[in-house]
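[1] I'd like to go over a predicted model; first the sequence, then the structure.
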Amino acid sequence: MSVETILKSKGSNVFSIRPEHSVSDAAALMSTKRVGVAMVCDSKGRLMGVVSERDIVSGITQYGKGLLDMPVRNIMSSPVVTCKPTDSVKQIMEVMTERRIRHLPVTDGDDILGIVSIGDAVNFRLHEAEIEKAVLRDFAVTR
């Protein structure tokens, strides 16, 4: 199954912030929207980076309390690791594990189609396993 399948079920909402906005603004956005990551996009909507809760925590360790007034560009992760809608769930899980990241923006060229989290991928794989189990059980019963 592909990433596109996950996006069809969860939707394509992404939240973005400009690189010149403050880290405090990013934290407020993520808290309000109840997400763990925000896309950092320029004025034309092009993806420049991502800022995550992990980036903010690391930034506090590095910069202290002054971090909240700094621009997001100072702590955003860039270049961004992305995936395509045609990538398999297995492929993105491998990338997330290898790179130690929890979110992958889904892109098609310069277009941001959505974002997939490790939780989305795990839930999808669990659902897939339950379906396989049911099919095998039905097959065994009918024999």
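    Cool, the structure landed.
[2] Number of residues surrounding residue 97?
    11 (other CB atoms under 10 Å). In this view, the C-beta of every residue, glycine as well, is placed from N, C-alpha and C.
[3] So the most centrally placed residue in the chain versus residue 117, what's the distance?
    In the chain, the centroid-proximal residue (CA atoms, centre = their mean) is residue 103; its distance is 2.5 Å. Distance of residue 103 to residue 117, given as CB to CB, to the nearest Å: 5 Å.
[4] Using the three-state scheme, assign residue 49.
    Three-state call for residue 49 (DSSP: H, G, I helix; E, B strand; the rest coil): strand.
[5] I'd say it and residue 18 touch.
    No. Residue 49 is beyond contact range of residue 18, at 11.0 Å (criterion: CB atoms under 8 Å).
[6] With neighbour numbers in mind, choose between those two.
    residue 49 (19 against 15).
[7] got the contact list for the more buried one?
    Residues in contact with residue 49 (CB atoms under 8 Å, 6 or more residues apart in numbering) are 19, 39-40, 72-73, 76-80.
[8] Among those, which are located in helices?
    Among those, no member falls in helices (DSSP state H).
[9] Can I get these in JSON lines including distance to residue 99?
    Putting those into JSON lines (distance: CB to CB, whole Å) gives the following:
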{"residue": "19", "distance to residue 99": "22"}
{"residue": "39", "distance to residue 99": "17"}
{"residue": "40", "distance to residue 99": "18"}
{"residue": "72", "distance to residue 99": "21"}
{"residue": "73", "distance to residue 99": "21"}
{"residue": "76", "distance to residue 99": "16"}
{"residue": "77", "distance to residue 99": "10"}
{"residue": "78", "distance to residue 99": "14"}
{"residue": "79", "distance to residue 99": "12"}
{"residue": "80", "distance to residue 99": "11"}
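[10] closest to residue 28 among these?
    Using CB to CB, residue 72 comes nearest to residue 28 of the contacts of residue 49, at 11.7 Å.
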